[in-house]
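Colleague: what's the 3D shape of this:
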Amino acid sequence: MIDHNWYLEHRVLEVRPIGPLTEDDFQSLAAQVDPVIRECGRLSGLLINAQHFAGWDNFVALLAHLRFVRDHQKHIHKIAVVSDHKLLGIMPRLVDHFVSAEVRPFASAEFQRALDWLGEPG
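Modeller: Numbering: from 1, shown residues only. The predicted model follows:
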């Protein structure tokens, strides 16, 4: 499941993976994000709160995640990854080559700093 919250008048979306991700999770997330992108043109930011990231339910779910990224990354200005996991801390440097958004890691104690950064113009 992917829980979510909107911030800054639907300009920044926080997503929180809860348990192993499924294909349906990404369809549900797209149903939340796509209307905002249609109305506003793009999201100012995406905050990935990955404190409890448990991976994917199966390979089909991983492919759905990759399709979601491919289809939506060009509509997101900045991405903040909030996690204390070391691997997720280096993830922004890896995905930076595949997405047009600026991506930065933040420790869990820096949640508000990450949200503030996403709301900054630029």
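
Colleague: Now do the same for residue 87: its pLDDT.
Modeller: Residue 87 is assigned a predicted lDDT (pLDDT) of 70.

Colleague: Repeat that for residue 70.
Modeller: Looking at residue 70, the pLDDT reads 89.

Colleague: Could you list the residues in contact with the helix or strand where it lies?
Modeller: In this structure, residue 70 sits in helix 59-72 according to DSSP states H and E. Where contact means Cβ atoms under 8 Å, 6 or more residues apart in numbering, the residues beyond helix 59-72 that reach it are 20-23, 25-27, 29-30, 33, 37, 56, 95, 98-99. Placement of C-beta: from N, CA and C, glycine included.

Colleague: quick one: residue 2 and residue 104, what's the gap?
Modeller: 21 Å (Cβ to Cβ, to the nearest Å).

Colleague: next one: residue 119
Modeller: Applying Cβ to Cβ, the value for residue 119 to residue 104 is 13 Å.

Colleague: If you count surrounding residues, which of those two has more?
Modeller: Remark: of residue 119 and residue 104, residue 104 carries more neighbours, 18 against 15, as counted by other Cβ atoms under 10 Å.

Colleague: What segments of this structure are strands?
Modeller: 2-7, 12-17, 19-21, 43-49, 53-56, 76-82, 102-106 (DSSP state E).

Colleague: Just give me the residue right at the centre of the protein.
Modeller: In the chain, the centroid-proximal residue (Cα atoms, centre = their mean) is residue 48; its distance is 4.1 Å.

Colleague: from what I can see residue 75 touches residue 42, true?
Modeller: Yes: using Cβ atoms under 8 Å, residue 75 is in contact with residue 42, at 4.3 Å.

Colleague: and the two? which has more neighbours close in?
Modeller: Counted by other Cβ under 10 Å, residue 75 and residue 42 do not tie: residue 75 has more neighbours, with 18 against 14.

Colleague: so can I have TSV of the strands of the chain showing distance to residue 62?
Modeller: Output for these, formatted as TSV (distance: least, Cβ to Cβ, whole Å):
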stretch	distance to residue 62
strand 2-7	14
strand 12-17	13
strand 19-21	8
strand 43-49	16
strand 53-56	4
strand 76-82	17
strand 102-106	19
